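Visitor: what's the 3D shape of this:
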Amino acid sequence: KAVVRGPSDAALRIGNASAEIGGETDDWSDVIDSQVWVENTPIPFGPGLTVEARRMFHPPESYGLRITAADGRVFVYTGDTAMCDAVVELSRGADVLMAEASWTHDPANRPPGIHLSGTEAGEIATRAGAKELLLTHIPPWTSREDVIAEAKAAFSGPVHAVSPGETFDL
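Guide: Numbering: from 1, shown residues only. I've put the predicted structure just below:
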């Protein structure tokens, strides 16, 4: 069986999404072993990699991931989160931090406690001592240019907003 790790309700979410009939839930436990992330517990992942999950501040349950290579290089993905200490700690010393930045920092343009602004993504990168910041999860109704500008104003390292299909070497 393949293993899928995720939030405590991942099996239900995937089962709902994969059901052939709306309103039903597909039982895929015969082919997938659904496991809940255990925070701060590095798990072997592929050759020479470990992945560590940390619960973020976001409804519903969401996790950020810290992937560490055998040579010590670190890639962090915030997942969906609002500003919190856990995202800064997860990002500490990352070679590359990929942070979601769904909003500009103007409180009138965003609901509180759900996602980061470009400013907050830059602040996390600075506080965590990250070397590079990649921005993702920027919706079409939010100005990419404004989010990038906010992040660059808060972080002195390289900043790039990712696009579908782009790849990066770590």
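
Visitor: And the pLDDT for the residue nearest the centre of the chain?
Guide: Nearest to the mean C-alpha position of the chain, by Cα atoms, centre = their mean, lies Gly79 at 1.9 Å. At Gly79, the pLDDT value in this model is 96.

Visitor: quick one: contacts for the residue nearest to it when sequence neighbours are not counted?
Guide: Nearest non-adjacent residue to Gly79, counting by Cβ to Cβ, 6 or more residues apart in numbering: Gly64, 4.6 Å away. All C-beta spots, glycine's among them, are computed from the backbone N, C-alpha and C. Contacts for Gly64 were tallied using Cβ atoms under 8 Å, 6 or more residues apart in numbering; they are Ala53, Arg54, Met56, Val76, Tyr77, Thr78, Gly79, Thr81, Ala86, Val87, Leu90, Ser91.

Visitor: gap between the last one and Thr41?
Guide: What that stands for is Ser91. 18 Å (Cβ to Cβ, to the nearest Å).

Visitor: The two: who's more crowded?
Guide: Neighbours per residue, other Cβ atoms under 10 Å: of Ser91 and Thr41, the larger number sits with Ser91, 26 against 10.

Visitor: Assign the residue sitting furthest away from the middle of the chain to helix, strand or coil.
Guide: For the chain, the largest distance from the centre (Cα atoms, centre = their mean) belongs to Ile21, which lies 30.4 Å off. The three-state label given to Ile21 by DSSP: H, G, I helix; E, B strand; the rest coil is coil.

Visitor: Alright, that wraps it up for me.
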